[in-house]
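Have a look at this prediction, sequence included:
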Amino acid sequence: MIMKVINIVLEQTKTGYSAYSDDVPGCIAVGESLSKVKENMKSAIDAHIETLIEFDEELPLKFKDNKPMKYRFTEGLAHN
């Protein structure tokens with residue numbers, strides 16, 4: 001089965017971790033641990049896409065089909 005891959009960048013901050021994805025512009029998350037920020041980012045993406053649909057806004061390209069999602073987390077450089 002072909003899945004769409006959502007790339008998510010994780011960064012360590014002074015208080016924990018942050019996450020963002022160029023695949024979902026404007027969607028970010030934070031958490032005190034890696035596992036929490038990953039969980040929060042998955043929830044943030046779901047809520048972001050649901051809100052775009054609710055307000056009849058254009059979906060990011062990767063969300064215009066019904067393929068199942070797979071998340072790919074990578075560690076980035078902090079912007080501190």
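Yep, it's here.

Mind jotting down where the strands sit in the chain?
4-12, 17-20, 28-31, 69-75 (DSSP state E).

which residues touch the longest one?
Surrounding strand 4-12, the residues in contact under the criterion C-beta atoms under 8 Å, 6 or more residues apart in numbering are 17-24, 34, 37-38, 41, 45, 62-63, 65, 67-79. For every residue, glycine as well, the C-beta is placed using N, CA and C.

now do the third one
Residues from elsewhere that reach strand 28-31 (C-beta under 8 Å, 6+ apart): 13, 15-20, 37-41, 43-44.

Give me the distance between it and the centre of its chain.
Taking the mean of its C-alpha atoms, strand 28-31 sits 9 Å from the chain's own mean (C-alpha atoms, centre = their mean, to the nearest Å).

Tell me the strands beside it, with direction?
Partners of strand 28-31 in the sheet, by DSSP bridges, are strand 17-20 (antiparallel).

Mind listing residues that contact the strand it pairs with?
8-11, 27-34, 36-38, 40-41, 73.

of these, buried ones?
Neighbour-count burial (16 or more other C-beta atoms under 10 Å) applied to the contacts of strand 17-20 gives I8, V9, L10, E11, C27, A29, V30, G31, V37, K38, N40, M41.

Let's have those residues in TSV, adding pLDDT and distance to L52.
Shown next, in TSV, are these (pLDDT from 0 to 100; distance: C-beta to C-beta, whole Å):
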residue	pLDDT	distance to L52
I8	97	18
V9	97	21
L10	97	23
E11	96	24
C27	96	10
A29	98	17
V30	98	21
G31	98	23
V37	98	22
K38	97	22
N40	98	18
M41	98	16
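
Name the nearest of the residues you listed relative to E54.
C27 (15.0 Å; C-beta to C-beta).
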